[in-house]
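**Q** Here's a sequence, model it:
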Amino acid sequence: MADKAVPHFHNQDGVPVIEVGSKEFMCIGALPPFDHPHVFLDMGADHEIICQYCSTLYRYNAALKAGTANPASSVWDDRARLAAE
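**A** Residues are numbered from 1 along each chain as shown. Okay, the predicted model is just below:
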């Protein structure tokens, strides 16, 4: 994720809530090729936001480092996908 200025998260596992360490990020829905349009979400002063495409609830957790999530599997890193191709 170091090559991305904005973290990307997905909800491939279908969990009800994803805790994130960033208030500004991209939601991609599920993993490619089943992803939705990659949308920028900004919580602003709030601590939660719902993706308008996939209805995933993201909750800010200040204890997490920027760009990380709980569950950790929700962080999308396209480098692993590109290496496999």
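
**Q** Could you use CA atoms for every contact and neighbour count after this?
**A** Will do.

**Q** so how far is the first residue of stretch 11-29 from its last?
**A** Terminal residues of stretch 11-29 are spaced 6 Å apart (C-alpha to C-alpha, to the nearest Å).

**Q** what do you get for stretch 44-52?
**A** Length of stretch 44-52, first residue to last, C-alpha to C-alpha: 16 Å.

**Q** And stretch 66-77, by the same measure?
**A** End-to-end distance (C-alpha to C-alpha), stretch 66-77: 14 Å.

**Q** what lines up beside the host helix or strand of Arg59 in the sheet?
**A** Per DSSP states H and E, Arg59 falls inside strand 57-60. Sheet pairing of strand 57-60 (DSSP bridges) gives strand 17-20 (parallel), strand 48-50 (antiparallel).

**Q** which other residues reach stretch 69-78?
**A** 1, 7-13, 18-21, 31, 67-68 (C-alpha atoms under 8 Å, 6 or more residues apart in numbering).

**Q** Identify each buried residue in that stretch, please.
**A** Buried residues in stretch 69-78, counted by 16 or more other C-alpha atoms under 10 Å: Ala69, Ser74, Val75, Trp76, Asp77.

**Q** if we can go back for a sec, out of the contacts of stretch 69-78, who's the most crowded?
**A** Of all the contacts of stretch 69-78, the highest neighbour tally under other C-alpha atoms under 10 Å goes to Val20, namely 29 neighbours.

**Q** nearest residue to it other than its sequence neighbours?
**A** Closest residue to Val20 apart from its sequence neighbours, by C-alpha to C-alpha, 6 or more residues apart in numbering: Ala69 at 4.4 Å.

**Q** picking that back up, show me the one of the strands paired with strand 57-60 that comes nearest Phe40.
**A** strand 48-50 (11.2 Å; C-alpha to C-alpha).
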